[in-house]
Structure formats: C-alpha cells, structure tokens
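[1] Okay, here's the prediction I keep looking at, along with the sequence it came from:
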Amino acid sequence: MGAIYDEFAAQLAAWQRQYAGAPRQEMVRLCLLALEREELVSIAYREELMVKRLASMPVDPQVREIVRHALLWAWKDEEMHAVYIRGMILKLGNRRLRATAYARQLAGALGGWASSVRQHVRFRDAPFSLTLASLLAWTGYVMGQVPQEVHHLLQYSSFRQFCLFNVDAEMTARLCWERLTDLAREDPSMSEHLVRDFRQVQSDELRHEQIFAILAESFDEENRLVDGATAETIAVRIAGVSEFFVPRAFRGKAAMGHPLGAGGKVWVASGGEKLGEFRKLIADAGLVEQMRERARQLGVVPVALRIAIKPTFMMGYSRKDTSVITDPALVAELAAYLRRAGFADIAVVEGRNIYDHFYQRRSVAEVARYFGMESADYRLVDGSMEQVNHAYGRGMGQYSIARTWSEADFRITFGKMRSHPIELAYLTTGNVEWMGGRCDEFMFPERQAERETAIMMLLDEFPSHFSLLDAYDSAADGLIGVMGCPRPPAPKRLYAGADALAVDMVAARHLGVTDTGEASILRAATQWFGNPRDRIEVIGLDEAIVGWRGPYRNELSALMSFFAFPVYVFGSGRGSYFVPQMDEEAFPRVPCSRLVLIARGFTQRVLGLHLPS
C-alpha cells in the first residue's frame, strides 16, 4: 500500500470521527467524493487515449488488444459508477446539493483530463494540452485539492508506473465504497438495491486493482513484456479476475456460446410479394430448425417451447404513419408459420413508453388494437405490467425484467428499421430495451444507468436467439425517424439471422453506418459480446439502400443530431415537448399548459414529427 492509500485512509478515519453523530452527512460527503473520483478516472481511462498510448508500446497486436480490452472495461465500469452515484445524489438531494454534485463532477472531469494528459502525453506531441494540464494540476496542488504524493506521480512515465499508480488509486476507491456500504447498511431508510449496488462497486474496484496489478507485473520500465509474459498468460490471469476484461476469444464456453457477437449468416430478402418473401426468408434462415434444436437442448418437446417475440409498436402515434412500427401482418405471419411448424406457446411482448405520460389509452393492449397487432396465433403481453425483480450480474441501475421475456425458451427480437439522431440507426439490438425498466428511467439527469448499459444488461442475461428486421413497406429515415417520418421510404427489404448484433451491423452498413463506434448501442454491444464483423456472411442482397436520409445527411441535420441528446435530456420538459402529432381521437391528450402545446407544435414542425400530408 502506497502513500496515496495511507493518506486517504487517514482522511476517512477523520471524517468518521467528525460525523460520528451524523452518518447521513458523512454519506453525502463520501458520495460527492466518490462522484468526483469516478468522473476523474472515467476521463483518465478513456479509450481514445489508451489506444494511443498502447500503439506506442513495442508489443505485438494481440497483447495490445488484450490490454486495450482490459482498460476499456475498467473505463466502462468507472463511467457507470459516475452515472450511478450522480443519479443517486440528484434523486435524494436538494437544489444546493444537486449544484454541488454537478460542480464536483466537472472538477473530476477536468482533473481526469489533466492527469491523463500529464501521464500519457509528451510535450513534443501536444505542447498546448500538456501546458494547460500542468497548469490545472499545479492549481489543484496549490489549493490543496491534489495531495503532494499524487502531484508527484502525475507526469509522463512508463506504462508500468501508470498501472502501479492506479493500483493505489483503485484501493482508495474501494476503501471509500466500503465505508459507504457500511453506512448504507446501518441506515434502515436505505433500500436493499442501494446496499447491493454499493457492494457491487466495491467489487468492481477490487477487480480493477487486480487488473492493474497484473498489467504492472507484465511490463518493464521500457514498456516491454517481462520474461515469461505472453498474450496467453496475461489473458488467462485477467480472465481469472473476470472474463469481461478479456476479448471474446479468451472467454469460457458459456461466454463463447452467447448468441450475440457470434456472427454467422445474415439473410437479406428484397423485392417480391411481402408475405411470400418473408416466409422464404425465415425458411432459408432455418428458424424452425434452430427452435427445434433449442427444444432438444432444453429437453422439451417443440409444442411446449415457450416463445417470446418482441416487435415494436408503442412508438406508433397514428395509422397514417406506420414507419415506426413492426408490420402487424409480418408478426401475424410469423406466429402462424410457427404454429404450422408445431409450436403452440407464442407470446408477443411489448412495453409501455413515455407517451403514456402525455396521452391516454396508451396501454400495450390499446395501442396494439389500434394498429391491428392482433392474431389468434399468439397472445399479447404487456411487459411493463409483469416486471419481476432480478439481480443482474453485471451493470447497475436495472433491477427488473418482464416475466414472459425472462422465462421464454426462445426469444425473437423483431425490430423496425429507423434512423436515430444519436444511434444513427435503431434496429434489433436496441429493440429489447423496454423488457426491463421503463426507457425514461435511463434518459433524464437523475438516471442511474446509461440507456445502452441497461440494454446490454438485458441482452447479457436474457438474449434474443433470433433477429428479424422489417424494412419493407416503409422505414423511418431523417433526423428523428425513430419517432416518426412524414415521407418514409420503402426499402423493400427484410433481414434475419441468429445474431442480432450481426444483423444490425449488416443493416447499419446498408444505411451508411460503417463504423459501429458511431452508434452507442452497437458500440456497447461489441464491447460486451465481441465484434462479429469478420465472422459475418451475408446471404442475399448486400448493397446500400439508395436514397436513405440519415441524421447526418447535411450540415444542419448533423448539427441538430449533435445536440439531440443534451437537448432532450435537459430541455424537453422530460419528453413532454418532443412527441409526434398524435391521433388524439384514439389517444386523448392529458391536460397540459399552453406553453407545452406551443413547444410541441414547434418541435413537430421543425423535426418533421407531423402527419404525412
């Protein structure tokens, strides 16, 4: 244990004595400290900087990829911790505490940037950045915010020294979360979820400490591997801490067998008569054979196999624009096809979205009836009404799952091709997001998990086994196609495959999205499950969709897309201003102010969320 750990331990002991009769005040102070620290390291560990540092090291590409992935997961964990603790403070605190939380998070971000630049960048490579970072570091030191031991270590050094520094840093973080856990456990007003989450962060910090220790032991001061260290030995040691910290190829059989990230064949049908093309597509893709194999693995007869189909139709707002919903005729045909193949237990599952805050009659059953999402071949399930508690093994902020989806033996995600201002393309992977907590729980400032993290948690433990994508009669393009499109194109395409991630990567490429890193959901999926890009075989049409208008099609649209997320989070009236021109005869408006109505009319006109002319 180094000087940083010793000084921090002494500080915690002093606070414990100072707040002996006021444990809630001690917890607030620790939470603010944890927020600043988590934000600092989430910036300091960011992928782009680590990739540059690793590229300069004299090691082979496989070693570089193993180390990159380990650091990537530490970075993702710290980002997740920062979002979680900030959300907790915003939910529990008053305005003053909320302002303090944002200030501490900003301080952490600046500190993380300064420390990462000083530790990884040489003056000749970035003189201005290094000068500014040094000024920030010295200012923090003079003001007493940066301890002498830390200030001394914030300078360019070997990768090994960087890892040793972070071993000490992770130990101090673990000590902080241990104390928070003790305080939360002793406070009867704190929920079991919160105590469990604190314990999880504590365990995460221990894993980070162990990972950095392994890396420090594997490299010398010249950034070369020490004698006896190889890609295989490093990967085995890191996997012993957690398989998430190594690339998919180095994980165990269970992880290697996960449906997402496996790659394989992706079928693309185009043209022809819709239902005929669809039947041929699912026959060629071997859906029935895969389901029978699944039944054999589970030891059940096919007729007893529990099947859950997740289409999308709750974003629908009018029969005049069906570009945002999975075609009800295709869903009905899928269920009928499976019935004919001998499967009987078929459920179509959807979940409520934010629109039910602003309009009435927005239950799953009512919206399904409005759009004709009904058939004698399946039963309709409202996943938001059958949420059951579930303790996820990875991730934070997601605590439940729709029972039908979780208990299904075979899950099918049936998405609709849509553009998205942040994701660029919203396809089948993100389609499962409403199977857990409501999507608005992961959108606004007090969220305790990012939306993509919540989705990955669902896919990790309750993955889809087959993926279908509807882009036939209509598909929603433009700036905000995920919500509506007054002039939708008709690509005349259908996609299918066992790996939803592979299906989405092919479809996204057809929409002009060649870099999955540009889309947060696809980027997160490749980080969680592996990148199947080199293991994908396209069967059928493999060409770009001509005329597709993505959110970055021109400078104005690109600018609006860039600001879409912060504007929606902080300036949408919690989503009340950003709704399409709803069919108010079917879905009567919940009473609201005239200001809200004016704002809705403005955004509908500017963003194209009005009905087709």
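    Everything's here; your move. Numbers count the residues shown, from 1 in each chain.
[2] Skip the chain neighbours and tell me the closest residue to P551.
    Distances taken as Cβ to Cβ, 6 or more residues apart in numbering place S561 nearest to P551, at 4.3 Å, with adjacent residues excluded. Bear in mind the C-beta positions are built from the backbone N, C-alpha and C, glycine included.
[3] For the one you found, the count of nearby residues, please.
    Counted with other Cβ atoms under 10 Å, the neighbours of S561 add up to 20.
[4] pLDDT score for it?
    pLDDT recorded at S561 is 86.
[5] swap in the one 10 residues further on?
    Note for G571: predicted pLDDT of 90.
[6] how close does it get to P259?
    38 Å (Cβ to Cβ, to the nearest Å).
[7] Those two: which is more packed in?
    P259 (19 against 11).
[8] Who are the contact partners of the more buried one?
    Taking Cβ atoms under 8 Å, 6 or more residues apart in numbering, we find P259 in contact with P463, S464, H465, A498, D499, A500.
[9] just the buried members of those residues?
    Taking 16 or more other Cβ atoms under 10 Å as the criterion, what is buried in the contacts of P259 is P463, S464, H465, A498, D499, A500.
[10] quick one, strands of this structure?
    Remark: strands assigned in the chain by DSSP state E are 264-270, 306-310, 345-350, 379-382, 387-389, 400-402, 410-416, 418-420, 424-426, 466-471, 493-497, 536-540.
[11] which stretch among the ones you listed comes nearest Q297?
    For Q297, the closest of those is strand 410-416, at 10.5 Å, according to Cβ to Cβ.
[12] Summarise which helices and strands that closest one is packed against.
    For strand 410-416, the elements it packs on are strand 306-310, helix 328-340, strand 466-471, judged by 3 or more Cβ pairs under 8 Å, 6 or more residues apart in numbering; DSSP states H and E.
[13] ok so, going back, looks like the residue nearest to P551 contacts Y552 (just checking).
    Yes - between S561 and Y552 there is a contact at 6.1 Å, judged by Cβ atoms under 8 Å.
[14] quick one: low-confidence ranges for this protein?
    Flagging of the chain using pLDDT under 70 yields the residue ranges 1-4, 44-45, 109, 111-156, 613.
[15] And for R535, nearest residue in space, chain neighbours not counted?
    G263 (2.9 Å).
[16] Distance of the one you found relative to V83?
    Distance, G263 to V83, by Cβ to Cβ: 30 Å.
[17] okay, those two: which has more neighbours?
    Using other Cβ under 10 Å, the more surrounded residue of G263 and V83 is V83, with 23 against 20.
[18] which ones are touching that one?
    Going by Cβ under 8 Å, 6+ apart, the list of residues near V83 reads G397, R447, Q448, A449, E450, T453.
[19] So the first one is in contact with E446, correct?
    Going back to what we said before, that points to G397. No - G397 is not in contact with E446 according to Cβ under 8 Å; the separation is 10.8 Å.
[20] Looking at the contacts of P259, which are in helices?
    A500 (DSSP state H).
[21] L427: which of the contacts of P259 is nearest?
    Minimum distance to L427 across the contacts of P259 is 8.1 Å, recorded for A500 (Cβ to Cβ).
[22] Relative to S157, how far out is S520?
    From S520 to S157 the distance is 33 Å (Cβ to Cβ).
[23] can you check A283 too?
    Relative to S157, A283 is positioned 61 Å away (criterion: Cβ to Cβ).
[24] Could you break this structure into its assigned domains?
    Using automatic domain parsing, the domain parsing of the chain gives 3-255, 257-607.
[25] Out of those, which one sits most buried?
    For those, the largest average neighbour count (mean count of other Cβ atoms under 10 Å) is found in domain 257-607, namely a mean of 20.
[26] May I have the distance across that one, first residue to last?
    This stretch, domain 257-607, spans 42 Å end to end (Cα to Cα, to the nearest Å).
[27] So Y317 sits against R589, correct?
    No - between Y317 and R589 there is no contact under Cβ under 8 Å: 11.9 Å.
[28] Please identify every residue contacting each of these two.
    Residues touching both Y317 and R589 by Cβ under 8 Å, 6+ apart: M582.
[29] And the residue nearest to G93 when sequence neighbours are not counted, how far from I234?
    Excluding the flanking residues, the one nearest G93 by Cβ to Cβ, 6+ apart is A101, at 6.8 Å. Going from A101 to I234 by Cβ to Cβ gives 38 Å.
[30] One more: Q16?
    39 Å.
[31] if we can go back for a sec, any residues in contact with both of G397 and E446?
    Common neighbours of G397 and E446, using Cβ under 8 Å, 6+ apart, are G87.
[32] rewinding a little: can you pick out the most distant pair from the contacts of P259?
    The most widely separated members of those, counting by Cβ to Cβ, are P463 and A498 (10.5 Å).
[33] now the residue nearest to the spatial centre of the chain, nearest residue through space, not along the chain?
    Centroid-nearest residue in the chain, with Cα atoms, centre = their mean: E452, separated by 1.5 Å. Using Cβ to Cβ, 6+ apart and skipping residues adjacent in sequence, the residue nearest E452 is A524, 4.2 Å away.
[34] for M291, same thing?
    M291 sits nearest to F410 (Cβ to Cβ, 6+ apart), 5.3 Å away.
[35] so that neighbour bridges to which residues?
    I307 (DSSP bridges).
[36] Does it touch A308 like I think?
    Yes - look at F410 against A308 with Cβ under 8 Å: they come within range, at 7.5 Å.
[37] how about the residue nearest to G93, what does it touch?
    A101 neighbours (Cβ under 8 Å, 6+ apart): L32, L35, R86, I89, L90, G93.
[38] State which helix of this structure is the longest.
    What stands out as the longest helix in the chain, according to DSSP H, is helix 61-92.
[39] all helices for the stretch 251-400 of the chain, in order.
    Using DSSP state H, counting those that start in this stretch, the helices of the stretch 251-400 of the chain run over residues 253-256, 274-284, 287-298, 328-340, 364-371.
[40] Need those helices in TSV (columns: distance to E209).
    Listed next are those as TSV, based on distance: least, Cβ to Cβ, whole Å:
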stretch	distance to E209
helix 253-256	23
helix 274-284	49
helix 287-298	39
helix 328-340	49
helix 364-371	45
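[41] How about V268: what's its closest non-neighbour residue?
    The spatially closest residue to V268, leaving aside those adjacent along the chain, is G540, at 3.8 Å (Cβ to Cβ, 6+ apart).
[42] what's near enough to touch that neighbour?
    By Cβ under 8 Å, 6+ apart, the contact set of G540 is W267, V268, A269, S270.
[43] roughly how far apart are the second one and L275?
    Relative to L275, V268 is positioned 17 Å away (Cβ to Cβ).
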